[in-house]
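Student: give me a model of this one.
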Amino acid sequence: MSKSFRYPPPIITEPLRYFALFVSKLLWRIEYHGLENIPQDSSKGFIIAANHQTYLDPFWICIPIKRKYRFMAWEKAFEWFFVGRLIRYFGAFPVNIERATKESFKQAIETLRDGAVLVIFPEGTRELSDGKLLPFKPGVIRIAMKAGAPILPVTIQGANKVWARNHKLPRLWGKIKVFYHPIFHVPSTNENYEELASQLQRIIEQTPNSK
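Tutor: Have a look, this model is predicted:
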């Protein structure tokens, strides 16, 4: 549970943040846009909802975010000896991508009420190399509504050429852009979860203008 979860100390996370940024700029020439849309100074938790192109997406998304955060991750990944322990240490908790469990929903709500950032990939799995978004699952809307938390939509572009679902191994070159959109507030009076999930997907599908 988020209140009992011990977040990694800054002495661990800060050097890794700069190392990840250095490697990502060197190999994939990563660019960030819309950083002013990140609520860095708020004490309240919020959700990051992003398209999902590679296993590295959570790290790329969180490099500029100087907040404590957790991830909803595919439950099978926790069975991998090294990866499972690593992602759990850095705040991931398992979710069944076919049907959300009460425990994962509970951890998500507690994470947000603890003032942390919760990273969710509403597609539920990685995209293919064509970069086309998969249908969004409405769970992200249910969590946002229950916790009264805003959503920060994020678009990742170019990572589908680096390590998509139909790539066995990552490619050590490419051009990646990460866009942070304005905050999306879920109206408490609208319980049409599928409609709101579609609205969120349309925001993330947009091709922002990068300068």
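
Student: tell me who's in contact with the residue nearest in space to the middle of the chain.
Tutor: Note on the chain: the residue nearest the mean C-alpha position is V119, at 3.5 Å, using C-alpha atoms, centre = their mean. With contact taken as C-beta atoms under 8 Å, 6 or more residues apart in numbering, V119 is in contact with 47-48, 50, 58, 61-62, 69-72. (C-beta placed from N, C-alpha, C; glycine too.)

Student: look up phi and psi at the closest residue to D57 other than its chain neighbours.
Tutor: Sequence neighbours aside, I156 is the residue nearest to D57 in space, at 5.9 Å (criterion: C-beta to C-beta, 6 or more residues apart in numbering). In terms of degrees, to the nearest 10, the main-chain angles of I156 are phi -110, psi 130.

Student: do K44 as well
Tutor: phi -90, psi 150.

Student: where's it relative to A147, distance?
Tutor: Counting by C-beta to C-beta, to the nearest Å, the gap from K44 to A147 is 10 Å.

Student: equivalent analysis for V154, please.
Tutor: In terms of C-beta to C-beta, V154 sits 18 Å off from A147.

Student: who's more crowded, these two?
Tutor: Remark: of V154 and A147, V154 carries more neighbours, 23 against 20, as counted by other C-beta atoms under 10 Å.

Student: for this structure, which residues score under the pLDDT cut-off?
Tutor: 1-4, 97-100, 207-211 (pLDDT under 70).

Student: isn't the residue nearest to D57 up against A50?
Tutor: Yes. Contact criterion C-beta atoms under 8 Å: I156 and A50 qualify, at 6.0 Å.

Student: overlap of the contact sets of these two?
Tutor: 57, 61.

Student: can you pull out the helices in the protein?
Tutor: Secondary structure of the chain (DSSP state H): helices at 10-28, 57-62, 81-89, 102-113, 139-147, 160-163, 193-205.

Student: quick one, what contacts H167?
Tutor: S129.

Student: the same query, at a cut-off of 10 Å, please.
Tutor: 54, 126, 128-129, 160-161 (C-beta atoms under 10 Å, 6 or more residues apart in numbering).

Student: for F136, state which of these is nearest.
Tutor: R126 (14.1 Å; C-beta to C-beta).

Student: N51 is in contact with the closest one, correct?
Tutor: Yes. Counting by C-beta atoms under 10 Å, R126 touches N51, with 9.4 Å between them.
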